[in-house]
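> Take this sequence and fold it.
(one chain, ligands or ions: 1)
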Amino acid sequence: MSMTTEAPPTVTDQKCSTHSRAVQRDIEPGSIVECISCGERIKFQAKIRPKQVICNVYKGKNWDRVEHFHAPCYSEAGEPHGPVDTTPVVKVRRVAAKNNPAMQGS
Ligand SMILES: [Zn+2]
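The predicted structure follows:
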């Protein structure tokens, strides 16, 4: 018998990964990066939970550097590395219980 070890098609998800892009993330405690726009430290603040924008900057086809912005600074700068991907990395799992139509009509 022949073991057809067909490798699964390699997902080359590189269609857009060779240009600069920006994502929005929470600022982590202990962050020591500085906003490249205003030069101030991007500080974690538990009370207001500010956001930062992290940009992977490419020069041509090669990754060059990471730049950090305060979220407001990034939009003020005119989104130099494109629109911000605000898709959260955490899974949201507490929306379903609320507004559940099955709970109505007793
Ligand atoms: Zn800033």
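
> which outside residues touch the host helix or strand of residue 24?
Taking DSSP states H and E as the criterion, residue 24 maps to strand 21-26. With contacts defined as CB atoms under 8 Å, 6 or more residues apart in numbering, strand 21-26 is touched by 49, 51-56, 71, 74, 79, 81-87, 89. All C-beta spots, glycine's among them, are computed from the backbone N, C-alpha and C.

> does residue 54 sit in a helix, a strand or a coil?
strand (DSSP: H, G, I helix; E, B strand; the rest coil).

> what's the neighbour count on it?
19 (other CB atoms under 10 Å).

> Surely residue 67 is in contact with residue 34?
No - at 10.0 Å, residue 67 and residue 34 do not qualify as touching, with contact defined as CB atoms under 8 Å.

> Compare the two (neighbour count), which wins?
Neighbour comparison, residue 67 and residue 34: the larger count goes to residue 67, with 19 against 14 (by other CB under 10 Å).

> hang on, that one in a strand?
Yes - Residue 67 sits within a strand when classified using three-state DSSP.

> returning to what we had before: ok, and for the strand holding residue 24, which residues are buried?
Using 16 or more other CB atoms under 10 Å as the burial criterion, the residues of strand 21-26 that qualify are 21-22, 24-25.

> got the residues of the protein near the ion?
Taking CB under 5 Å from the ion as the test, the list of the chain residues beside the ion reads 35, 37-38, 70, 73.

> Can you tell me which of these are buried?
Judged by 16+ other CB under 10 Å, buried ones among those: 35, 37, 70, 73.

> quick one, phi psi at the nearest residue to the second one once chain neighbours are set aside?
When you say that, I think you mean residue 37. Nearest-residue entry for residue 37: residue 73, 3.9 Å, with adjacent residues in sequence omitted and distances by CB to CB, 6 or more residues apart in numbering. Dihedral angles of residue 73 (phi, psi; degrees, to the nearest 10) stand at phi -70, psi -30.

> My guess is residue 73 contacts residue 34. True?
No - in this structure, residue 73 is not within contact of residue 34 by CB under 8 Å, at 10.8 Å.

> Show me the two of the buried ones among the residues of the chain next to the ion that sit farthest apart.
37 and 70 (7.2 Å; CB to CB).
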